[in-house]
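>>> Following is a predicted model, sequence given first.
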Amino acid sequence: MFMAAAFLSAACFPEQDQEEWPGELVTPGQEEAPKEEGPREFRDYLDEYGVNHGVGVEIDGVVWAPVNCGYHETDFVYGKLYQWGRRYGQGYSGDLCDDWNTKIGDVSDALLPVVVEGGVSESAGNSKSNEDVFFKGTQVSAGDWIDTRNDKLWNSGSENTPVRTGCDPCPEGWRIPTSDEMYRLLMNTSWSKSNTSQNGCRLISKASEADDPAEIFLPAAGCRIFSGYTESRGYYGYYWSSKPYYDGYNSASLIYFRCSDSQMVGYCPALTTSMRSNGYSVRCVQE
């Protein structure tokens, strides 16, 4: 099991601790999520600031949001970083590999988190009063921020029939994607490095018309590791699903990719797992 830990970003997992972090590849269940009948009614993505980003992009029957959860055009251009199962994400200072308490240039990131010890209750972790607090992984297990494991925080239903919860950070009418939906995204798209000002991964539908491809862009937003430090913006992307992973380490499933300033290097987008106490990006899907 530990050999696969090298698959994860060395920047997001300190070298001396790498053997402790699970990094097994996840193979979703064989059951395919049911396809919806009839024409899709697209919903506008109205974010937490009241900004309307328009409709999402449909790929293999799943409509993906146009921007990352927590996105703000000046303060949070990569979106926010969310611990698995928490309602609120936190900002990220700077553009690349900057320490969590360092401000760089004109990037305001006004809502930087206070980093405190974890092992808190579900109600405390999802309280509005703690929205700017990042809870470290506990001393007993660095894998989670919560005192009692709860696998239903982001989906009280199933992979095939997901049910949005009150802990879901997505806007109304949207929710965290399931692992199966992420798998379908990867299986039905080709990928390339972004040609925009942000490093990241472009996922282009294989079923789209050549002259008008349906695609989404996932910025390489980096991460906030369990200790509270941010790393790897511009180089690595990590995107949570709602699926817990039963490996004994309090993990959950996610999409992971790596890129560099010049080209995609090493890893195309793939499903893997990581500790729930880490802060990663969220890209919502339409309910």
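Thanks, I have it.

>>> residue boundaries of the strands in the stretch 1-150 of the chain?
44-46, 52-55, 57-59, 62-64, 82-83, 114-116, 133-135 (DSSP state E, counting those that start in this stretch).

>>> so where is the stretch 101-250 of the chain shaky, pLDDT-wise?
101-111, 139-141, 193-196, 208-211, 247-248 (pLDDT under 70).

>>> Name the residues of the helix or strand harbouring Asp180 that are buried.
For Asp180, the element it lies in under DSSP states H and E is helix 179-187. Residues of helix 179-187 classed as buried: 179-185 (neighbour count, 16 or more other Cβ atoms under 10 Å). Placement of C-beta: from N, CA and C, glycine included.

>>> Partner strands of the following helix or strand past that helix and their direction?
Where DSSP H and E defines the elements, the next helix or strand beyond helix 179-187 is strand 189-193. When pairing is defined by DSSP bridges, strand 189-193 lines up against strand 200-205 (antiparallel).

>>> Would you mind getting the angle between the following helix or strand past the strand it pairs with and strand 189-193?
Remark: after strand 200-205, the chain's next helix or strand is strand 215-219, criterion DSSP H and E. Relative orientation of strand 215-219 versus strand 189-193 (axes from the mean of the first three to the mean of the last three Cα atoms, to 10 degrees): 40 degrees.

>>> Any idea how far strand 215-219 is from the middle of the chain?
Mean C-alpha position of strand 215-219 versus that of the full chain (Cα atoms, centre = their mean, to the nearest Å) differs by 13 Å.

>>> Does anything pack onto that strand? Which helices or strands?
strand 57-59, strand 200-205, strand 236-245 (3 or more Cβ pairs under 8 Å, 6 or more residues apart in numbering; DSSP states H and E).

>>> which helices and strands does the shortest one pack with?
Which is strand 57-59. strand 62-64, strand 215-219.

>>> What mean pLDDT does it get?
Averaging pLDDT along strand 57-59 gives 93.

>>> is it true that Thr165 touches Asn150?
No - assessed by Cβ atoms under 8 Å, Thr165 is found out of contact with Asn150, at 10.0 Å.

>>> Neighbour count: these two, which is higher?
Thr165 (19 against 16; other Cβ atoms under 10 Å).

>>> Show me the contact partners of the helix holding Asp180.
26, 28-29, 32-33, 59-62, 64, 159-160, 177, 203, 216, 239, 241-243, 253-255, 269-271, 285 (Cβ atoms under 8 Å, 6 or more residues apart in numbering).

>>> do that again at 6 Å, thanks
28, 33, 59-60, 62, 159, 241, 243, 253, 255, 269 (Cβ atoms under 6 Å, 6 or more residues apart in numbering).

>>> Show me where this protein has its helices.
Taking DSSP state H as the criterion, the chain carries its helices at 122-125, 179-187.

>>> Minimum distance to Val51: which of those helices has it?
helix 179-187 (24.4 Å; Cβ to Cβ).

>>> what angle separates that closest one from strand 236-245?
140 degrees.

>>> Helix 179-187: how far from the chain's middle?
14 Å.

>>> still on that earlier bit, mind putting the strands of the stretch 1-150 of the chain into a markdown table with distance to Asn155 and mean neighbour count?
Converted to a markdown table, these look like this (distance: least, Cβ to Cβ, whole Å; neighbours: other Cβ atoms under 10 Å):
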| stretch | distance to Asn155 | mean neighbour count |
| --- | --- | --- |
| strand 44-46 | 20 | 17 |
| strand 52-55 | 23 | 12 |
| strand 57-59 | 20 | 20 |
| strand 62-64 | 15 | 21 |
| strand 82-83 | 14 | 26 |
| strand 114-116 | 27 | 14 |
| strand 133-135 | 21 | 24 |
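
>>> Out of those, which gets nearest to Gly234?
Proximity to Gly234 (Cβ to Cβ) singles out strand 82-83 among these, at 19.0 Å.

>>> Who are the packing partners of that closest one?
On a contact count with 3 or more Cβ pairs under 6 Å, 6 or more residues apart in numbering; DSSP states H and E, strand 82-83 meets no helix or strand.

>>> Pro66 contacts Asn52, correct?
No - Pro66 is beyond contact range of Asn52, at 10.1 Å (criterion: Cβ atoms under 6 Å).

>>> What residues are bridge-paired with the most centrally placed residue in the chain?
What sits nearest the mean C-alpha location of the chain, by Cα atoms, centre = their mean, is Tyr239, with 2.5 Å. For Tyr239, the beta-bridge partners under DSSP bridges are Ile255, Ser281.
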